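My questions are about this predicted structure, shown below with the sequence.
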Amino acid sequence: MDAREKILEAAAALLAEAPVADVSTRAVCEAAGVGAPMLYRLFGDKAGLLAAVVDRGFEQYLASKRTARPGDDPVQDLKNGWDNHTRFALEHPNHYRLMYSPELTAPPAAAQEAHALLHGILERCAAAGRLTVPPALATRMIMSANVGAALSLLTRPEQYPDPGFSARLRDAVIDALTRPAEPREQDGIPVAAATLAARLRAVPPPAFTAVESALLQQWLDKLSEG
């Protein structure tokens, strides 16, 4: 095992046992049997180390999401993704809290990938005519609600004793952003625009130039915002 892996393994073990989502570089160096210069040479600073620890901890979770086969219903895939996200947070509380800690100067790669994977599911929802707002907006809304719920359950469990709270919030948020599979007359132009925009992103029209495609996407995004 090289020095980098020794440091990451030691930091992950200490983080799992810590009463708060934090570890000291001195403790990590002692546990890994390396000097502080080696740690700073490999990770730059404490924030770099913690970001690497988070990415390592989230790797198994993200690997399962990368290989997950899309279901027949993309909206159900959204709800399953919410539940998996919350389950991981509750099973790995310190890694999760650290991932969204304001002390990290740059978001871990895991956070960015999780955001991108969610956006991919929402693009599928839009292409299927199931999304009522642009995918980028829906991604921000769902991710912020899912993260907020998970952090609330972790940091204030006494205020959230209802085991069904996360599922209730999940349904409220996702149901507000999606529509049934069968079209409804009142859905109108915003849903049609969001659907067309997603389908054109998936298969760009060959008759359009890049500039024309970008302009059309801009118009469709405005229409899909209602």
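Sure, I can see it. Everything quoted here is computed from the prediction, not taken from an experiment.

Skip ahead from the one helix or strand residue 29 maps to and say which helix or strand is next.
In the assignment (DSSP states H and E), residue 29 maps to helix 25-32. Per DSSP H and E, the first helix or strand lying C-terminal to helix 25-32 is helix 36-43.

can you tell me the average pLDDT over that next one?
For helix 36-43, mean pLDDT rounds to 93.

Packing partners of that helix?
Applying 3 or more Cβ pairs under 8 Å, 6 or more residues apart in numbering; DSSP states H and E, we find helix 36-43 packed against helix 3-17, helix 25-32, helix 46-67. No exception for glycine: its C-beta is placed from N, CA and C like everyone else's.

pLDDT score for residue 226?
The confidence metric pLDDT takes the value 66 at residue 226.

Can you pull out the low-pLDDT segments for this structure?
Residue ranges of the chain with pLDDT under 70: 21, 182-187, 226.

ok, which stretches of it are helices?
Counting by DSSP state H, one finds helices in the chain at the ranges 3-17, 25-32, 36-43, 46-67, 74-91, 93-99, 109-127, 135-155, 165-177, 188-202, 210-224.

by how many degrees do the third one and helix 25-32 diverge?
Okay, so that is helix 36-43. 100 degrees (axes from the mean of the first three to the mean of the last three Cα atoms, to 10 degrees).

now do the fifth one
Helix 74-91 runs at 90 degrees relative to helix 25-32, counting by the same axes, to 10 degrees.

re the thing from before, mind giving me the packing neighbours of the helix holding residue 29?
Contact analysis of helix 25-32 by 3+ Cβ pairs under 8 Å, 6+ apart lists helix 3-17, helix 36-43, helix 46-67 as its packing neighbours.

right, so of the helices and strands packed on helix 36-43, which gets closest to residue 83?
When these are ranked by proximity to residue 83, the top entry is helix 46-67, at 12.2 Å, counting by Cβ to Cβ.

Check which helices and strands that closest one sits against.
helix 3-17, helix 25-32, helix 36-43, helix 74-91, helix 93-99, helix 109-127.

what's the burial count for residue 100?
Neighbour count for residue 100, taken as other Cβ atoms under 10 Å: 17.

Any chance of the backbone angles for it?
phi -110, psi 20 (degrees, to the nearest 10).

Find the nearest non-adjacent residue to it, please.
In this structure, residue 100 finds its nearest non-sequential neighbour in residue 147, 6.0 Å apart by Cβ to Cβ, 6 or more residues apart in numbering.

What degree of burial does the one you found show, as a neighbour count?
Neighbours of residue 147 (other Cβ under 10 Å): 18.

I'd like to know how far it sits from residue 8.
Look at residue 147 and residue 8: by Cβ to Cβ, to the nearest Å, they are 24 Å apart.

picking that back up, please identify the most buried of the helices of the chain.
Among these, helix 93-99 has the highest mean neighbour count (mean count of other Cβ atoms under 10 Å), at a mean of 22.

which helices and strands sit right next to that helix?
Packing partners of helix 93-99 (3+ Cβ pairs under 8 Å, 6+ apart): helix 3-17, helix 46-67, helix 135-155.
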